[in-house]
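Participant: Got a predicted structure plus its sequence, pasted below:
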Amino acid sequence: MKARVHVTLKAGVLDPQGAAVRHSLGALGFEGVERVRQGKVIELELAETDAAKAEASVKDMCEKLLSNTVIENYTVEIL
Amino acid sequence: MRAAVIQFPGSNCDRDMAVAMDRVSGHNKPTQLIWHKESTLPDGLDIIAIPGGFSFGDYLRCGAIAARSPIMRSVVDFANKGGFVLGVCNGFQVLTESGLLPGALMRNANLKFICKDAGLRVETTDSVFTSAYKKGAVVNVPVAHHDGNYNADPETLKKLVGDDRIAFRYAENPNGSMDDIAGILSDNRRVLGMMPHPERLNDPQLGGTDGSKLFESIASALVSA
């Protein structure tokens, strides 16, 4: 079973990398990009076959390591 | 005073930290260097330092992997029992990631790695780390980091300010850090995390001694202990 985790900065946390990407897009001529927020995608391959158990386990991983809940949100997809 | 320095793959200034501790320890026993895979600490330690560097290549997030290494469980226990812990640069990041200090350190606002001497204002002398400084004094301490932009939610920030837990602020904010924060203390004032490197300015031959007072402060509290 595969899982995909999206980690994004919480609303209100400044994202200097996203801002730099937005500026660079503007320099390339892409107009109208009002905001860019950068995050990360983490894919996991799991031995677990029960989707509910897999989701609970990956959420626990997010809380303990994959995201820093002080500044980041996460979502878990079971694929 | 018995001190130890934790070493992770990618640590740097770990030996500088040990030398700085040795100079004030009051005896000839060298500061112990402890590898991250150890799970227990030697008995009788007074203070543990977590050095700078780029532990585990800063993978995932700065300090994230190091904060979950076996030795850190013992360091967290040590701190929770009232032990003294100093985290510098990557060490500060490890302390926030391990939950011993609040908030998080993010990418510098200008996205650049900053390596220079920074003016630091001593905001409190009410800690074993800062007692030898004068409150309000501005000292020069080198910074060398890519992720020193301190971030915390408004309530945490208010609590840090209200409880006099901001140890150092930048005289000129180099990295976008909230409220110019360069270093903070834990609730019990026994854990200090700071981005600048006092152990790098600890000898006239290295260009100055503004960092020495931090180690003298520690020694004056712990050497007779």
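Facilitator: That came through, no problem.
Participant: Please enumerate the strands of chain B.
Facilitator: B:3-7, B:11-12, B:32-35, B:47-50, B:52-53, B:84-88, B:104-106, B:114-122, B:138-145, B:149-151, B:166-170, B:181-185, B:191-194 (DSSP state E).
Participant: Any residue of the helix or strand bottoming out on mean pLDDT in chain A touching chain B?
Facilitator: Using mean pLDDT, DSSP states H and E, helix A:16-27 stands out as the lowest-scoring helix or strand of chain A, at a mean of 93. Yes. Helix A:16-27 lies within reach of chain B by C-beta under 8 Å from any C-beta of the partner chain, at A:16-17, A:20. For the C-beta atoms, the positions are set from N, CA and C on the backbone; glycine is no exception.
Participant: Name the surrounding residues that touch that helix.
Facilitator: Contact partners of helix A:16-27, identified using C-beta atoms under 8 Å, 6 or more residues apart in numbering or on different chains, comprise A:9, A:33-38, B:106-111, B:149, B:176.
Participant: Leaving out the residues flanking it, which one is nearest to B:Asp163?
Facilitator: Spatial nearest neighbour of B:Asp163, chain neighbours left out: B:Asp187 (7.4 Å); criterion: C-beta to C-beta, 6 or more residues apart in numbering or on different chains.
Participant: If you tally nearby residues, what's the number for the one you found?
Facilitator: Close neighbours of B:Asp187, defined as other C-beta atoms under 10 Å in any protein chain shown, add up to 13.
Participant: go on, A:Gly18?
Facilitator: Based on other C-beta under 10 Å, the number of other residues close to A:Gly18 is 16.
Participant: ok, now the one 10 residues further on?
Facilitator: Counted by other C-beta under 10 Å, the residues lying close to A:Leu28 total 9.
Participant: Can you pull the phi and psi angles for it?
Facilitator: Phi and psi for A:Leu28, reported as degrees, to the nearest 10, are phi -80, psi 0.
Participant: Look up the pLDDT of it for me, please.
Facilitator: Note for A:Leu28: predicted pLDDT of 96.
Participant: So B:Ala132 is in contact with B:Asp210, correct?
Facilitator: No. Taking contacts as C-beta atoms under 8 Å, B:Ala132 lies outside contact range of B:Asp210: 11.4 Å.
Participant: ok, those two, which is more surrounded?
Facilitator: More crowded of B:Ala132 and B:Asp210, by other C-beta under 10 Å: B:Asp210, with 21 against 18.
Participant: what about the closest residue in space to that one that isn't next to it in sequence, how many residues close to it?
Facilitator: Leaving out its chain neighbours, the residue that sits closest to B:Asp210 by C-beta to C-beta, 6+ apart is B:Val139, at 4.0 Å. B:Val139 has 24 neighbours, counted by other C-beta under 10 Å.
Participant: for B:Gly44, same thing?
Facilitator: Other residues within reach of B:Gly44, judged by other C-beta under 10 Å, total 6.
Participant: Up against chain B, what does chain A have?
Facilitator: Listed as neighbours of chain B in chain A under the rule C-beta under 8 Å from any C-beta: A:13-14, A:16-17, A:20, A:64-66, A:68, A:70-71.
Participant: If anything else comes up later, I'll come back, but that's it for now.
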